[in-house]
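Enquirer: no FASTA, just this:
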C-alpha cells in the first residue's frame, strides 16, 4: 500500500484514502467539435503508460477531496514529486537525473 | 516423568508443569515451554510425517519455522488445521496432533510404494505421460494425481474463531529478537523513538536462548535477554510483539505482521482473536532475521533422526531434550562442533564428528580430543541406514580421485551442518537485490532499496560480539534516520559464541550408484539432486525453470533450506558460475499465513457496510423482502397474507395505478450544485439544456461519458438561480459525484460552483398514483399543491409533517407523483405517517420490483438494465434529451464517432409476445428465425420483461438492430424449449398519451 | 523430437533418465529471420509454433528478455472459459477452448487441461440479469453455458456457502462445464518444445531495445542485447510491456499496465472440485493438481511495472473467499506474487496489424489472457502470415478505438474477467 | 500543544444508552448538531468566519472552536461548520447575507452524518483497529480533524483530547463503524 503526500493536507497518508486518476496532463480539448476521430481517440484512450517516471493524477477522495498530480517511478513505485492541479508538468528528465543521484 | 530423552536440568522449560497431549491418538507428556517437536523428541519420537511424493518416513529436521518435514494437523474446537509445523506449535495441555499424508497409518503407509516406483517419477514426469487416451486424463489420471497430492486434510467446518486487525506506525520496526535485533531495539528505544520489536517465536532472544556458555556483560546470554526485555517493556515508546511473524514487506516501508494470540493456549478467552494482522508503516526497518543452517545433500539424508546440528543444540539447551543417545555429527563448518560438545557435556555419546574439511581448526580438534570424541576429517556421509529412524551411516573419505569408503558408524541420530544461510527473505521482499559474498559462500543483502537495514547474521555477520555491535549500530542509525535523535547507550560486551568458519553448497560427493540413491535437496517436495540435474539436462537453464520443473524451493519453506544447494547443483551441471544461474526472488508471506488474518473483521454483516434507509425497521416489521443494490438494502416487494413475489407485485402495481403507492426512494443519489455558475456547469455535464430551466422547475437529465455512452440519469430541480438539486441512480451516485468533481477541479476550475453530496441528508418518500395528492395534502404546509400552481416537474420547499421538506412533483410510474425529501432523521416518522395515510386510500407500499414494472409499462429506461455502457441516447430513443444548440457537453464529440452514428445500431423497442401469458426471460436473445443455427448473430436482446397485471399480459423492452424500423414485425426469442414469437412495438404500454401524470 | 509417452518414460527409467534430450535449444540469434516474435510467453511461443506448423514459415525467432514462460504465462491462475457476452469475444475464446481440448496431444506435452467447470456466482438481481443474458447469448453462439440455482451450484461445488445470511448471498450461478484450468508452465514449455522442433529459434535473456524502421516506414528488424536482428515481420506479444515496446516504433497504445496479484494456499488433499468466480465480490478460486488453492486477486489502481501489489488487494480477495467458503479461513497463504497486465479501455484484447507495415501486435488481455493462449496464438499467426487479420481476430483491431466499435466486456457485464 | 479543545457542541445524546462502556474505552452517540458544508474561494473566507462567529481555519486539518461554533478545515476551499441544532436557520441566514457578493456554496448536511464520542485509555488503539492513519499525538495532535476511512467506510475524525475523539460517518455507515468498534473492543475486556 503506497504512502502518498497530499499537497493540500500537507501530510502523508496511506493509499486507502486516495483514488488514482490515471495519466496527468491530458487536457480536454476546449472545442471538441474541432477534433478529428483520431484526435478524439487519442484523448480518450491513448496513454503513455511509461515504464519509468510517470505523471499521474491522484484524488484524496477520503481526505480533502482534492485532485493533485504526482510523479512516480513505475518500477519501484517511489513518488518523486507531488504538485497541485494547475501547476505545470515538471521537467521529467531533470527529475530523473536528480532521482538517479 | 516419562520422557526418556529429557535432560534433568536446564533449558527454558518448566519440568514441574507436565502437559498431556496426543499424537496420532497416542497419549504422551511434555512440559510447559515445549513445542510439539521438542515434546515428541523428549519421548523419543522422530518419525512424524511422510513425504509428499514418495511417502518416505520423515522426522524433525529443524527447530524453526523453516521446518519442511514435521508438518502436522492440529485438532482444536472440533476441526483441524493442517500443515502446522511441530517446531512452531507450542505445547498445551490436551493438544491433539495427527500426522499427515499417510494411509492407513504413519508407521504403515501404503503410499510408500511410490518410493519403489520412484524411477518412474522423475522431475516433470507428468508432462510426459497421462496423455492417452484423451478421456482418461479427466476421469482417471487427474483424480489419482489429485488424491495423491496435497499434504494435510483441509478444514471442513466453518471457522468460528475471530481475527483482529491493527494499523500501527513507528519510527523503527525491528524484526527478530536475537542478539542483533535486541541490541537494535535497545539502541533505538534509548533515543525515545517509537519502536516495535517483533519475533516469530514465543520468547524473545533468538539464538541466545540456545546458547550454552556465552556471556554478555558477564551474565549468561539468557539472563541478558531477560534484562533487556525487562528494560524495553518498561518504556512507553516500545511495543513488544512475541509470536508475531513479519510476513510481508511492501512498498514504502509497509510491513505486515501476523500475531498469534491464542493458538498456544489450552483454553483461551473467547473474546480474544485467534490471530491479528498488524499493518505497520515504519519510518525505518531493522531486519535482524538471523540465519538458518543448511542441510547437507548426501544419499538418504532424509531419515528420521537426521537433523540440523543447530536444531540438535537448540533442543538440548533450550528445551532440555537430547535428540539421541548416540549421535553422529556430519559437518562442513565449525558451529556443528559446538553442538557435539554440548551434547557430550550432557552425557550423550558422540559416535563421531565427520567433517568434510581436511583441516578443521586446531582449537576444535583439541576440544574434541579433550572430550574423547572421535573425529574424522576429509570425510562425508555417503549413505544412511534405518527405516523409520536412522541407525547408522556410511562414511566416505574425500580424495582427489573421488570418494572411498571409510566404514560405517552406528548412531541413533545424525546432526548435520552445511553451513549457514542468511535469511534474506524480507530484504528480498523489500525489492532489494542480494549479492554474492565469496568469503561467506552465500548471498547477502545488497544496498537497501527502502529505508531498511539488515543487521547481524541475516547480513552475513556472525559471532556474538560482531552481531551485537551490528545490532546497536543499526538501531542507532535507524532511530537517527527516523527522528533525527541520538542517544548513547552503553554497549554490552560479549564473550564466547564466536563466529565459525566453513560451509558447503550442493550435492556431496559419494561412491554410491548415482542413479540409484536419493540425496534430497528439497525435503518437503521430494526433490533430489538427480531431479535438478535432469532438469538441466532437459534444457532448463534458468533457476526459475529448474524450480518450476522440479518444484524445488516451492514447498512451504519457500526454498529457505534448499535454494542454495539447488543452485549449486544446477551451477555445477551447467558449468556456469552460480551467480549466472540466478536466484529466485522471495515472495510474501515469509511463512504461511492464515487466510483469517487477511480477512480479519470482514465477515458477515461487516464484510461490507450494510446501508439501510429510514424505512428499514418498518419494512422488517412488516415482512418486506429486501434486495441488495450495491451496499444498500432496498425493499424488493411487500408480500402480505403469504403472497409470493408474483402476486405481491401484481397487487402492488394494480394498487398504484388504481389508487396510490408509497415507495422509499432514499437511496437515489442526491447532489446539491451551488454557485453562480451552477447552470453552466450542468450545461456542460448533462446532454440537456439547463440555463433556461425556471426556478421551481425540474427536468430529466441524461449523463454520458466522453465516449458518448449513457452512464447515468436522474431528475434535476432548480431551487434557486444558483442552486440545483440533482438526483442520480442508486448505484451511480458515488461515480457521478466523483466524475463531477473531476471536471470541476481539473477541467473547469474557473467555474464558480461547488457540489455537495446530500444523498443521506434527505430521506425520500415517493407517493405515486391517482390519489397521491390527497395522500400528501394533509401534511404539506407552505406549498400550493394545485395542478396549476404545482404542475408535473415542479419542485418547492415547504414543510411536511411539520419538518422542512423539498417537495418534487415527478413520476417514475406515469402516474401523478410526488417525492417528499425530508431531513433524514425525520425519515422514519414521515414514512410511518405516510404508510398509515395510504391505508386510508386503499393504497399500498411497494418495492423496487413494482417500481421496475411500472416504469417499464411506461417505457422508461433504467440505466444499467436497458443500457450496458454501449448505448447512446439515440439508441434508446432519447435524442430529445440532447440540447440542440449546445456548444459542448460531456460525450457530445464521442457521440459523433463513426460507429455511434452507423446504420443498424440496436434500438430500444417494445416486444409483445404472441401469447400474452408468456413472459420473456430478461437477457433472452432476439432473432429473425425461429430456429437459428448455432453461431447466428442475434438481432438483439430482451432488457426488461414483466407480467403487467394492469394490462393482463406480458410486456418487454428490448434492444434490437434497427428496431424502430421494425414496428409490427414478428421476431423470435429462441429458448431451449422452443422459440417464442414476438411482435415489435413502441416502448409505451400504458397511457400512451401520457395524461395521467398531469392528474 | 523424441515423443513423450508412458513407454518412453518407463524405458528411460532403466537408463536412470540419463538419456532425455533437451526440450529446446539455446541458439544464438541469426542475422535475419522471416518473422521475429518479441516475447516468449504462451501467446508468443504459440504464435511461432502455428506460423511454422500451419503457414510454412520456417525462419522464425522468438526473442525473450528473461526466461521463456516467465511473464504472465507463469504467473496467472490458469482459468479457462469462453462464456463471454459479445459474439466477437465468445468466438475468440471458444476457438481457444476447442484448441485446448486437443492441445496435449497436438504438442505431445501434457498441459493438463482439466475441464472441471467454471462457475460464476450471481449475488444480486442485476447479476442474474447479466448472467442470464450471457447464457442466452452463448447458447445462440454455440458456446456452452448454463444457469444454476443456488442449490444446484452447491451440488456442483459442495464447499460453497449458499446461506441466505451472508452479506451477499449466492442467488444463482452460470456454469460452463468445458471451462477449467490447465498447467501454465506446461503450456509455455509444450509450445517451446514443439516450436523448437520445427526449427524456431527461442532466444532467451535477450532484451529488445529498439524496433528499427526502414525509410518507407516499414519494419526492418529489432535491436537487441545481442545486436541487430533483421526481420521481415515483427510481432510484439509482450504482455505488460507492450506500451514500452510499441513506443520504440513510435506507436501510442490504448493501454495501462497494472500489477495483478495471485496467491496459493499450502497444499491440502482435494477440497475444491471446480473453478468458482465471483465478479461481484471479487473471488476467483480453484485447486491445483498439487493441492494448493489457487486464488486470483485484483489489480492495483495505478500503472506499475513492479510485479508486486498492495496487501489491501489480496486482503480484499481473501475476505470474499472466506465468506463464500468459511472453512478456508483456517487455510494459510503459501505464496503471493504479481504479474503485469496491460489493460485496454474495453477490456478486450488487441490482435492486430499496426500503422507500421510489417509490425503486428497482440496485447491488452488484461486479467484474462491465459485462457485464450492457443486461440490467440493461432489467429495471430494467421494475421502475421497473411498480413491480414484472421476473421476471428478482425474485430480486435486498433481501429476500433477510433470508430467507437468497442467490444466492451467490462461495461456489458460490469465485471473484471 | 493543547491537551484539550473546546468540544461543547458534541455532547452525549441524552436519550441513548452508551454503545460501549468499559473501563478502558467508551463509545457514546452524540446529540444532533447543525452541520453546514461551506465552500468558497480565498477572498470570502474572512467574511464567512466573521459571520459564522469563528474564523475558518486556513491551516490544513485544523479546527477553530468556541463554545457554540466549530469550523473544521476539510479541504483548501471546504469547511464543515458546526452549530447548535437550533441555530441552523439563523446561521444560514447570517452567512448568506454576509456573503451575498461572493460566490460561495452553503449546504445543510446536518442529517447526512452522525457522530459518536470515543474516549478512554484505549481509544487510539481501538480506532486504529480500522483507521489506517497514525493517531499518535505527535502525528495527530489534539485539535486535528481529518476525513479518512475506517475499514470500508469513510469517516471524519476530530481529536478533542489525548484520549478523546469525535468520529463522524454518513448515517448509513454508522451501524458499520460503531458496530465494528464495539466488536473490536471485545478483547479489551478479555481476561
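Expert: Nice, I can see it. Just so we're clear, the structure is a prediction, and the values are computed from it rather than from any experiment. Residues are numbered from 1 along each chain as shown, chains lettered A, B, ... in the order given.

Enquirer: Please work out which residue of chain A is closest to chain B.
Expert: residue A:32 (3.5 Å; Cβ to the nearest Cβ). Bear in mind the C-beta positions are built from the backbone N, C-alpha and C, glycine included.

Enquirer: Who's the closest spatial neighbour of that residue, skipping the chain neighbours?
Expert: residue B:893 (3.5 Å; Cβ to Cβ, 6 or more residues apart in numbering or on different chains).

Enquirer: Quick check: phi and psi at that neighbour.
Expert: Main-chain torsions, residue B:893, degrees, to the nearest 10: phi -70, psi -40.

Enquirer: How many residues are close by it?
Expert: 24 (other Cβ atoms under 10 Å in any protein chain shown).

Enquirer: Check whether it really touches residue A:37, as I assumed.
Expert: No: if you go by Cβ atoms under 8 Å, residue B:893 and residue A:37 don't touch, sitting 9.3 Å apart.

Enquirer: Return every residue with contacts to both of these two.
Expert: Residues touching both residue B:893 and residue A:37 (Cβ atoms under 8 Å, 6 or more residues apart in numbering or on different chains): none.

Enquirer: Give the closest residue to the residue nearest the centre of chain C in space, chain neighbours not counted.
Expert: By Cα atoms, centre = their mean, chain C has its centre lying nearest to residue C:370, at 1.5 Å. Sequence neighbours aside, residue C:76 is the residue nearest to residue C:370 in space, at 4.5 Å (criterion: Cβ to Cβ, 6+ apart).

Enquirer: Who are the contact partners of that neighbour?
Expert: Residues near residue C:76 by Cβ under 8 Å, 6+ apart: C:184, C:262, C:296, C:339, C:369-370.

Enquirer: ok, those residues vs chain D, which is closest?
Expert: Taking Cβ to the nearest Cβ as the measure, chain D lies nearest residue C:296 of the contacts of residue C:76, at 20.5 Å.

Enquirer: Just give the strands next to whichever strand or helix holds the closest one in its sheet, each with its orientation.
Expert: Element membership for residue C:296, per DSSP states H and E: strand C:293-299. Applying DSSP bridges, strand C:293-299 is found paired with strand C:256-265 (antiparallel), strand C:283-287 (antiparallel).

Enquirer: can you list contacts of it?
Expert: By Cβ under 8 Å, 6+ apart, the surrounding residues in contact with strand C:293-299 are C:76-79, C:181, C:258-265, C:268, C:271-272, C:282-288, C:309, C:313-314, C:316-318, C:321, C:328, C:331, C:336, C:341, C:343, C:367, C:416.

Enquirer: Could you rerun that using 6 Å?
Expert: C:77, C:258, C:260-265, C:282, C:284-288, C:313-314, C:317 (Cβ atoms under 6 Å, 6 or more residues apart in numbering or on different chains).

Enquirer: Let me know the pLDDT of the residue in chain B that chain C sits nearest to.
Expert: Per Cβ to the nearest Cβ, residue B:869 is where chain B lies closest to chain C, at 2.4 Å. Listed pLDDT for residue B:869 reads 93.

Enquirer: can you give me the strands for the stretch 101-250 of chain C?
Expert: C:118-122, C:146-148, C:172-176, C:180-181, C:201-203, C:208-213, C:219-224, C:227-236 (DSSP state E, counting those that start in this stretch).

Enquirer: Can you tell me which of those strands is most buried?
Expert: Highest mean neighbour count among these (mean count of other Cβ atoms under 10 Å in any protein chain shown): strand C:118-122, with a mean of 27.

Enquirer: Pull out the buried positions in stretch B:988-998.
Expert: By neighbour count with 16 or more other Cβ atoms under 10 Å in any protein chain shown, stretch B:988-998 contains the buried residues B:989-990, B:996-997.

Enquirer: residues in contact with that stretch?
Expert: B:792, B:811, B:814-815, B:857, B:859, B:955.

Enquirer: How about residue B:134, nearest residue that isn't a chain neighbour?
Expert: Once flanking residues are discounted, residue B:134 sits nearest to residue C:105: 6.6 Å by Cβ to Cβ, 6+ apart.

Enquirer: Counting neighbours, what do you get for that neighbour?
Expert: Residue C:105 has 14 nearby residues by other Cβ under 10 Å.

Enquirer: and what of residue B:96?
Expert: Residues near residue B:96, counting by other Cβ under 10 Å: 15.

Enquirer: The helix or strand it falls within: partners in the sheet, and parallel or antiparallel?
Expert: Residue B:96 is part of strand B:95-98, with elements assigned from DSSP H and E. Sheet partners assigned to strand B:95-98 using DSSP bridges are listed as strand B:14-23 (parallel), strand B:71-76 (antiparallel).

Enquirer: Other residues contacting the next helix or strand after that strand?
Expert: Scanning forward in sequence from strand B:95-98 by DSSP H and E, the next helix or strand is helix B:113-116. Contacts to helix B:113-116, defined as Cβ under 6 Å, 6+ apart, come from residues B:54-56.

Enquirer: Please check those and keep the buried ones.
Expert: Buried among the contacts of helix B:113-116 by 16+ other Cβ under 10 Å: B:54-56.

Enquirer: I'd like a version of the residues you listed in a markdown table, one that adds secondary structure as further columns.
Expert: Formatted as a markdown table, these follow (DSSP: H, G, I helix; E, B strand; the rest coil):
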| residue | secondary structure |
| --- | --- |
| B:54 | coil |
| B:55 | coil |
| B:56 | coil |
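
Enquirer: so which of these comes closest to residue B:615?
Expert: Using Cβ to Cβ, residue B:55 comes nearest to residue B:615 of the buried ones among the contacts of helix B:113-116, at 62.6 Å.

Enquirer: What's the local residue count around the nearest residue to the closest one once chain neighbours are set aside?
Expert: Counting by Cβ to Cβ, 6+ apart, residue B:55 lies nearest to residue B:111, which is 3.6 Å off, once chain neighbours are set aside. Residue B:111 has 17 neighbouring residues, counting by other Cβ under 10 Å.

Enquirer: how close does residue B:111 sit to residue B:102?
Expert: The spacing between residue B:111 and residue B:102, counted by Cβ to Cβ, to the nearest Å, is 7 Å.

Enquirer: Make CSV out of the contacts of stretch B:988-998 and add secondary structure.
Expert: As requested, the contacts of stretch B:988-998 are exported to CSV (three-state DSSP):
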residue, secondary structure
B:792, coil
B:811, coil
B:814, coil
B:815, coil
B:857, helix
B:859, coil
B:955, strand
